[in-house]
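Asks: could you work out the structure for the sequence below:
(2 chains)
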Amino acid sequence: MKKTKLGEFEELVLLTVAALQEEAYGVEIKRELEDRLKEKLSVGSIQSALKRMEQKGFLTSEFGEATRKRGGKRKRIYTATPYAHRVLAEMKDIRAQLWSSIPRFAHDLKTI
Amino acid sequence: MSQHKDINPPGWPLKLLRLFLKKEYLEEIEGDMEELFRENVERLSARKAKRIYAWEMLKLLRPILMGNLSGMQNLNQPAMFKNYFKVSLRSLMKNPVNSFINVFGLAVAIGICVFAYAFARWTFSRDQFHEHKNEVHLVTFLADRDGTLQQYGKAPRPLGEMLREDFTHIKSVCRVEDRNAVMKHEDHVFHERIRFTDPEFLEMFTFPMKWGTSNSLKDVNSIILSEDMSTKYFGDENPIGQSVLMIFDKDRSKEFTVTGVAKEFPESRTISFNFLANFENLRTADPGYNFHDWSEFVNATLIQVDNVSDLTSIEQGMEKYRKLQNDAVKEDWAISSFSLEPLSTLHKTSEYIRDDISRSSKNDYISVYFMVGIAVFMLALACFNYINIAIATAAKRLKEIGVRKSIGATKQTIIVQFLSENIVVTFFALAVGLILGYTFFIPGFELLWNFSMDFRLDDGDLWLFLSAVLFITSIASGIYPSLYISRFQVVGILKGSIKFGQKNLLTKVFLSLQLIMASIFITCSIMFTLNNSYLAKRGWGYNQAETLFANVPDQAAYEELSASMAQEPDVLSTSGSRHHIGKSHATTVLHFPDREYEVDQLAVDATYFETMGLSLKEGRVFKDHEGSDKQAAVVNELMVKNMSQWLSGWENPVGQQFRIDSIQYEVIGIIKDFHNYSFSNQVRPIIFTVAERHDYRYLSIKVKSGSEIKTHKALQANWVKLFPDIPFEGGHQEDVWGFYYQEIAIYDLVWKVFAFLAVSLAILGLYGLIRLNVAGRTKEFSIRKVLGAGLKNIAASIANQYVTLFAAVMIIGAPLGYILSKILIEFAYVYHMPITLSGVSIGMLTMVVVLSITVSTQIRKVLKANPVDGLKVE
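Replies: Alright, predicted model coming up:
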């Protein structure tokens, strides 16, 4: 866990990639994440997160199809590696454990 | 979708991206950006999509996505630039005076650029805030007047209704008619201009409401106010539901309920309103108003279409109205076709459209070109300064360059060093310039003209503009010095065999150019000042100083007021008239056997000429008894001059005849030309005819010299006594030109500011150069002094290299300044002073004085210095 530094934003992008499956390319990831977060994201922030994670081995990518709308340029489809899935699951576990260790009283208070 | 195909993203961000981004990422990101752009074009406007595209591209320039620039791969770039930055800061600090000259000069020039940008942006944003600006069109018609096709912005009265019924493509139609009325709410009573219009007005124009609703205009009893008017009558409270009384004349008035208040109008509007009432109210306001009379006009008729491509068919379809129109009007007002003018360009075209509701801004467009010209001029001046001083100071940095070169700097790295140094200087200047523009030039100009340009720092285009200025200025001012400096050979530098900076030809050329520009500016400014004082003294062609006037509502009021004023001791004579010089006139077509001629007509009484001080040149004026001279006309000299070119017999104008409608008139007298309106308007051919007594709308009063103010007070006092409910309108005849004299005083001031700045910049540059020159020759002067040189010798040895240069500058600058200011004055003023050489002489004299002072400061410095100190150096 220690070496796999995954930032908060990177984690969101990674989850989106995992969720989108074959549709996971730049614009679609941006769109999906904007919808969910309800805020505007720049292409630059998404792209740099993707490239960083690719370097760290969370993602692999290959060229997809080209469309007219894209001026004949091919898409790059991202796929989360098994390693990424493992890290994501680990993080979810850690979070869940932490949540469950919050005293019940405090939790109830928050939901009021 | 299909219509967006031809909108393409701007090219430069892509080029930037291709330059900096890692090659392997390019295809993917380019595609993403293009896809997003297409999506945005469909969702937003093309303009906005382009802006987002450019901005996103800039945000893509992140270290992780960027590749290394080829050619610089192996250098330790950041450290290198850090060093450059440090060195440039040090050299700035080492030479505070020169740095100040550079930074301040550039800052002033950039400040003016920011100002020019703000002004241009403001001018081009006129009326652009209306959501439907491309769909709303003004109905205009073209008519032949004196042989030229003239476009008119008014429309025949029934046209609006007909358009609404006949064309299905027209979404909505709205007519606009402006009338004067007195508005009364409790004890607030004012003359106001009321805009009667159809409820569609507020759908076509984007004027959001502050209070109330805009569709309330459908109710004939409701009235909508502008925010200013709401404040004027009701203060800060919400006036919805309050009632106001609109008084049309003595017998007719109507009570309205306030149902809406518009939000403050944007500064960039040329069409707005004070009071908005339903068009149907014209029936109450003016019982004689015939909605179906084709020979009468409304001020404007506007249409809104859904699809702009329908316009041609509408224009063609309107052809059938031409016959209706031409059957109804007299043949001299026949029209030749209808045409539609889009709202989006109306502020530009309105200069050429007569009687339209928009405000012409031709002067603003001319001013934009002037401003841009001046800004470029100033920037050029500042760049010349920079170049000169950079070359001269490089002499002191020869060693640094030599060392850099000998440890391996190439020519390119030296160029990059000097250019980046330059960017640092320009960047400082840009910051100072922006502050200068924002806090001084723009507010100053707004204060002078009393308007707001609505300049905001959060305008994205401003920052693009500033980056462009930064880039262009640093390259323009830096490229020559850096090329020049990087050229030297290491060995030469280190041996000390290279000497330059003192006898550089280019330096002299630049200095001369600067001084020539300064000469031109100073000449223009002096010429304009002289011309303004000439205009201030120029006569109006009649006695405007000792005359008062008052606008009366009807004949009864005229009789009462004139009777009461006749009692005043200082009144010499009073006259009644339908029109009044400087205030109103009618436009009339005169018929001659074989042609028509358009003139201004003033209907007056017999004593008007005497009261106003108009001087008779030939013949006689009207006889002073009721009913006489009904078919007589007095004309001005210009009319005679123009007529005698076409018609024989007008050399002896008295007795000549013409027809107005069906009545025959005879010329009985000629008066000298006078300025009906301000000097910025051409004198027009004018005829005077006798006014019917029941048409009298103006009372003119000639008073004893010196009693103008006293009688003005008496006039107002009498008015209040006689007509407590009607606001007084009138005053000194001298004030009828409004802000004309203030306006020319402002032009004068603006020119002086520009001339001062241009001269200061040139002098700063000269000062910097002489200082460097003298500093470089410290040893020489010390030796001269030791050997006994006095004032004469030192002064000669400093000044002689400049004397020829100054002489050359004067020889080139004086005629250029003369010609340019002549062109400008002839272009800007219809009437101007006779242009003589006096302006140029004063300008050149000022230049000589300023130049001598600059040079003599350095001579004095050398004289006062101790030669021992000079020789002790090194």
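Asks: would you agree B:Thr257 falls within a helix?
Replies: No - under the criterion used here (DSSP: H, G, I helix; E, B strand; the rest coil), B:Thr257 is strand, not part of a helix.
Asks: can you give me the strands in chain A?
Replies: A:59-66, A:74-80 (DSSP state E).
Asks: please pull out the lowest mean pLDDT helix or strand from the chain.
Replies: In the absence of a named chain, chain A is used. Lowest mean confidence among the helices and strands of chain A (mean pLDDT, DSSP states H and E): helix A:104-111, at a mean of 59.
Asks: could you do chain B instead?
Replies: Result, chain B / mean pLDDT, DSSP H and E: helix B:490-495, a mean of 74.
Asks: can you give the contact residues for that helix?
Replies: B:398-399, B:401-402, B:405-406, B:498 (C-beta atoms under 8 Å, 6 or more residues apart in numbering or on different chains). All C-beta spots, glycine's among them, are computed from the backbone N, C-alpha and C.
Asks: buried subset of those as a PyMOL selection?
Replies: To isolate the buried subset of the contacts of helix B:490-495 in PyMOL, counting by 16 or more other C-beta atoms under 10 Å in any protein chain shown, use the following:
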select buried, chain B and resi 398+401+402+405
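Asks: could the contacts of helix B:490-495 be laid out in TSV, adding distance to B:Phe592?
Replies: TSV is the format used below for these (distance: C-beta to C-beta, whole Å):
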residue	distance to B:Phe592
B:Leu398	84
B:Lys399	88
B:Ile401	83
B:Gly402	88
B:Lys405	86
B:Ser406	92
B:Ile498	83
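Asks: can you tell me the closest non-neighbouring residue to the residue of chain A found nearest chain B?
Replies: Scanning chain A for the residue nearest chain B gives A:Lys73, at 2.9 Å (criterion: C-beta to the nearest C-beta). The shortest distance from A:Lys73 to any residue that is not its chain neighbour, by C-beta to C-beta, 6 or more residues apart in numbering or on different chains, is 2.9 Å, and that residue is B:Gly31.
Asks: quick check: pLDDT value at that neighbour.
Replies: Note on B:Gly31: pLDDT of 87.
Asks: helix or strand: which one has it?
Replies: helix B:23-43 (DSSP states H and E).
Asks: close to chain A, is the helix or strand following that helix?
Replies: Once helix B:23-43 ends, the next helix or strand along the chain (criterion: DSSP H and E) is helix B:46-59. Yes - judged by C-beta under 8 Å from any C-beta of the partner chain, helix B:46-59 and chain A are in contact via B:56, B:59.
Asks: got the angle between helix B:46-59 and helix B:23-43?
Replies: Our comparison of helix B:46-59 with helix B:23-43, counting by axes from the mean of the first three to the mean of the last three C-alpha atoms, to 10 degrees, yields an angle of 160 degrees.
Asks: give me the contact list for helix B:46-59.
Replies: Under the criterion C-beta under 8 Å, 6+ apart, external residues in contact with helix B:46-59 comprise A:42-45, B:4, B:7, B:9-10, B:12-14, B:16-17, B:33, B:36-37, B:40-41, B:43-44, B:460.
Asks: and stretch B:294-303, by the same measure?
Replies: For stretch B:294-303, with C-beta under 8 Å, 6+ apart as the criterion, the contacting residues are B:136-139, B:153-160, B:163, B:170-178, B:201, B:204, B:290, B:314, B:324-325, B:327-330, B:333, B:340, B:343, B:355-357.
Asks: tell me how far that stretch lies from the chain's centre.
Replies: Taking C-alpha atoms, centre = their mean, to the nearest Å, the mean C-alpha location of stretch B:294-303 is offset from the chain mean by 30 Å.
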